[in-house]
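# Need a 3D model of the following:
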Amino acid sequence: MQTDFNLNIHLNLEASPELVSMLQAILQQGGSVSAEPAVQVTKAPLFVEPAIEEPTTSLEPEAKPLDTSDIRAAMEKTRLRIEGEDYKDKTSDGYAKYHKQLTKEFKNISALLGADLPSKIEGQDHIKSFIEQCETLTVNADDEVITQDAPY
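As a prediction, the model looks like this:
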């Protein structure tokens with residue numbers, strides 16, 4: 001029985017110019033260097049384009065934490081909407097009709113959120129809920145009592 005094995009190997013190595021010069025120096029120190037280069041040199045690109053990264057900043061501004069100034073602003077906005085622009089002068093018709101009722105509603109909402117007064121509401125979720133509930137306050141059809149819109 002006769003077995004013949006033929007093995008052909010073709011090897012291509014890429015090396016940086018620095019590695020090639022280092023290998024040539026080693027070969028020159030250890031003996032003779034053949035006329036053909038032992039390593040086929042291919043040039044590495046001088047500039048590698050960096051990967052494009054997605055921007056980490058969003059287009060929306062970062063939300064600041066809610067605080068008592070946001071509560072005051074929500075109450076002010078509600079009073080302007082219901083009592084009128086001149087409610088601070090106590091001359092508007094809305095002031096006479098709705099100021100005490102709005103104050104009562106603000107206190108009721110804050111009581112439901114666990115505070116005696118709106119300025120004592122704590123926690124981002126509670127402050128956000130207070131602001132949202134202020135936005136839903138309206139005058140009922142009888143033009144007497146302030147009610148919250150039904151969620152349904």
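# would you list every one of the strands in this protein?
For the chain, the strands defined by DSSP state E occupy 137-139, 146-148.
# any chance of these in JSON lines, with mean neighbour count too?
Placement of C-beta: from N, CA and C, glycine included. Shown next, in JSON lines, are these (neighbours: other Cβ atoms under 10 Å):
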{"stretch": "strand 137-139", "mean neighbour count": "17"}
{"stretch": "strand 146-148", "mean neighbour count": "15"}
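# Ranked by average pLDDT, which of the ones you listed falls at the bottom?
Lowest mean pLDDT within those: strand 146-148, a mean of 72.
# What count of nearby residues applies to Asp70?
Close neighbours of Asp70, defined as other Cβ atoms under 10 Å, add up to 15.
# in stretch 121-130, what's buried?
Under the neighbour-count criterion of 16 or more other Cβ atoms under 10 Å, stretch 121-130 has 121, 126-127, 130 buried.
# Now do that stretch, average pLDDT.
pLDDT averaged over stretch 121-130 gives 94.
# Send me that stretch as PDB with only the CA atoms.
Output of stretch 121-130 as PDB, limited to C-alpha atoms (Å, rounded to 0.1, in the frame of the first residue of the first chain):
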ATOM      1  CA  ILE A 121     -46.300  68.800  48.500                       C
ATOM      2  CA  GLU A 122     -43.300  66.600  48.300                       C
ATOM      3  CA  GLY A 123     -42.100  64.200  45.600                       C
ATOM      4  CA  GLN A 124     -41.800  64.700  41.800                       C
ATOM      5  CA  ASP A 125     -44.800  62.500  41.100                       C
ATOM      6  CA  HIS A 126     -47.100  64.400  43.600                       C
ATOM      7  CA  ILE A 127     -46.000  67.800  42.200                       C
ATOM      8  CA  LYS A 128     -46.600  66.600  38.700                       C
ATOM      9  CA  SER A 129     -50.000  65.300  39.600                       C
ATOM     10  CA  PHE A 130     -50.900  68.600  41.300                       C
END
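# residues in contact with that stretch?
65-68, 70-71, 74, 109-110, 113-115, 118 (Cβ atoms under 8 Å, 6 or more residues apart in numbering).
# One more pass at 7 Å, please.
With Cβ atoms under 7 Å, 6 or more residues apart in numbering as the test, stretch 121-130 has contacts from 65-66, 70-71, 74, 109-110, 113-115, 118.
# Having no further points to raise, I will conclude here.
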